[in-house]
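1. 3D, please:
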Amino acid sequence: MLAVSALFYFILTRVLAVREAVTVEMMLLVSFAVILLVTAIVSKMVEKKLRALNKHLADCSTANGFFGETEFVTREFDQINQNLIKVLKKAKKREEDKQKYNAKLKLKNKQRSDMLSAIAHEFRNPISSIIGYSQTLYDDKEISRAIQEQFLTKIYNNGYKIEALLSRLILWNKFESGEAILHKSRFDAVVLAHEAIRSLNEKYPKRVIKIDGDKSMVTADRILMDVVLKNLIENALKYSQDEVKVAIAGGNISVADHGVGIAPEDIDKVTKKFYRTGAHSWDNSMGLGLAIVKAILELHGTQLAIKSVKGQGSEFSFHLN
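-> As a prediction, the model looks like this:
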């Protein structure tokens with residue numbers, strides 16, 4: 001632009017010099033006017049170039065990138081949002097799992113506490129009896145032979161009761177830990193019932209237990225079935241004063257009594273571990289006897305059925321193939 005102005009100024013001065021006297025002020029004014037004209041022309045050209053460039057950029061952004069970039073960014077934020085939602089869901093799930101674990105832990109602690117309470121309750125009486133009778137025999141040297149035999153019998157019976165309680169605990173622990181294994185064999189259920197009754201007659205010598213049934217071959221774990229029969233028969237003996245009847249036919253085995261019976265609201269509960277009712281009602285010694293029976297029968301693929309009328313008696317039955 002300056003070069004053009006200088007050239008124009010040189011030409012103009014030559015022209016004016018030929019024509020004679022021209023003042024310096026006049027030449028400067030003309031030069032300034034020329035500069036303004038050239039500046040205007042150049043500015044117009046630059047503006048035109050910028051407009052073209054802007055249009056080109058807009059076309060390029062529309063075709064290749066700007067709106068595509070916007071869509072890409074939107075997808076990115078949506079993905080981040082989805083990931084955050086997943087993280088929150090996982091955190092919520094972990095919290096729920098934690099609450100469930102705490103609830104199970106609390107239940108386990110309560111069951112452990114109930115078990116210890118039941119054990120203490122069941123062991124206290126026989127241990128106290130053994131200590132009391134032993135102390136009497138030790139202190140009284142003049143006690144008669146008949147009284148000595150009576151006290152020794154009570155000591156023996158209470159020792160047997162403790163041993164039975166310990167056996168129940170050990171057996172239940174096997175069921176709880178999944179260590180119980182069936183050793184099935186083919187045997188006569190009637191013969192097994194007679195053996196169980198002979199064992200219980202030593203503890204209940206004045207009670208009458210009748211068996212109704214002939215030979216009945218079944219396939220089961222003989223030792224565990226002995227536990228089932230003894231538990232059911234002893235329950236019948238404990239909660240009735242009349243005779244107890246064991247009926248066996250075609251694999252169907254039942255134990256019936258005419259005792260105190262079970263309240264309707266307790267029938268579904270008596271087979272639960274550690275369940276106990278009021279002091280003068282059904283009391284499932286330490287809450288394990290019928291729970292063990294139920295667990296053994298379930299291992300054999302069968303169920304314990306209970307029929308009972310309060311004040312009239314109960315019948316416990318199951319089936320073996």
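2. Distance check, Ile45 against Lys269.
-> Actually, residue 45 is Met rather than Ile. In this view, Met45 and Lys269 are 101 Å apart by C-beta to C-beta, to the nearest Å. (Glycine included, C-beta is placed from N, CA and C.)
3. higher neighbour count, those two?
-> The neighbour comparison of Met45 against Lys269 (other C-beta atoms under 10 Å) goes to Lys269, with 16 against 10.
4. Next, the more buried one: secondary structure please.
-> Of the three states, Lys269 takes coil under DSSP: H, G, I helix; E, B strand; the rest coil.
5. And it, its phi and psi?
-> Here is the backbone geometry of Lys269 (degrees, to the nearest 10): phi -100, psi -20.
6. wait, isn't Leu182 in contact with Leu299?
-> Yes: if you go by C-beta atoms under 8 Å, Leu182 and Leu299 touch, sitting 5.8 Å apart.
7. Between the two, which contacts overlap?
-> 221, 224 (C-beta atoms under 8 Å, 6 or more residues apart in numbering).
8. Which residue of those two possesses the greater neighbour count?
-> Per other C-beta under 10 Å, whichever of Leu182 and Leu299 has more neighbours is Leu299, with 15 against 12.
9. Might you report the residue contacts of that one?
-> 180, 182, 221, 224.
10. Repeat the analysis, applying 6 Å as the threshold.
-> For Leu299, the contact set (C-beta atoms under 6 Å, 6 or more residues apart in numbering) comprises Leu182.
11. try Asn252
-> Here Asn252 is in contact with His319 (C-beta under 6 Å, 6+ apart).
12. Check the gap between it and Lys161 for me.
-> Distance of Asn252 to Lys161, given as C-beta to C-beta: 31 Å.
13. For beta bridges, what are the partners of Phe187?
-> Counting by DSSP bridges, Phe187 is bridged to Val218.
14. Could you measure from it over to Asp226?
-> Counting by C-beta to C-beta, the gap from Phe187 to Asp226 is 10 Å.
15. contacts for stretch 184-199?
-> Stretch 184-199 has contacts (C-beta under 6 Å, 6+ apart) with 209, 211, 213, 215-222, 226, 229-230, 246, 248.
16. Now intersect those residues with the strands, please.
-> Within those, residues falling in strands by DSSP state E are 209, 211, 217-221, 246, 248.
17. Select only the buried ones of the residues you listed in PyMOL?
-> Provided next is the PyMOL selection string for whichever of those are buried by 16 or more other C-beta atoms under 10 Å:
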select buried, resi 209+218+220+221+246+248
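18. will you turn the ones in strands among the contacts of stretch 184-199 into TSV that also has pLDDT and distance to Ala295?
-> As requested, the ones in strands among the contacts of stretch 184-199 are arranged in TSV below (pLDDT from 0 to 100; distance: C-beta to C-beta, whole Å):
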residue	pLDDT	distance to Ala295
Ile209	91	24
Ile211	91	25
Met217	93	24
Val218	94	18
Thr219	94	19
Ala220	93	14
Asp221	91	12
Val246	94	21
Ile248	94	22
